[in-house]
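S.K.: Return atomic coordinates for the entry below.
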Amino acid sequence: MSIKKIWIEPGCISCGECEEICPEVFVVTDECHVNPDADISKFTDRIKEAAEACPVEVIKYEE
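M.R.: As a prediction, the model looks like this:
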């Protein structure tokens, strides 16, 4: 199942783990942001991996 929506809840610690796993979707500056131009349907597995790897569990998605 592909991901339809992704968001970052408050509490990001800017560790960069998500950007390392899926730089096409995640951009880390002072906080993590989702690239609005990313075709998230192409990166479902890596988005899920990034969400699981997030140490503060703020990456959320909807399938």
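
S.K.: C-alpha only now, for contacts and for neighbours.
M.R.: Will do.

S.K.: What are the boundaries of the helices in the protein?
M.R.: Ranges of helices in the chain, per DSSP state H, are 17-21, 44-53.

S.K.: Give me the contact list for the last one.
M.R.: This means helix 44-53. 2-3, 17-18, 21-22, 25, 40, 57-60 (CA atoms under 8 Å, 6 or more residues apart in numbering).

S.K.: Now do the same for Glu31: its pLDDT.
M.R.: On the pLDDT scale, Glu31 is placed at 80.

S.K.: possible to save the helices of the chain as a markdown table with distance to Glu31, mean neighbour count and mean pLDDT?
M.R.: Below are the helices of the chain laid out as a markdown table (distance: least, CA to CA, whole Å; neighbours: other CA atoms under 10 Å; pLDDT from 0 to 100):
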| stretch | distance to Glu31 | mean neighbour count | mean pLDDT |
| --- | --- | --- | --- |
| helix 17-21 | 11 | 18 | 97 |
| helix 44-53 | 15 | 18 | 97 |
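
S.K.: can you redo those helices as CSV with distance to Cys32?
M.R.: Supplementary listing: the helices of the chain in CSV, determined by distance: least, CA to CA, whole Å:
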stretch, distance to Cys32
helix 17-21, 8
helix 44-53, 12
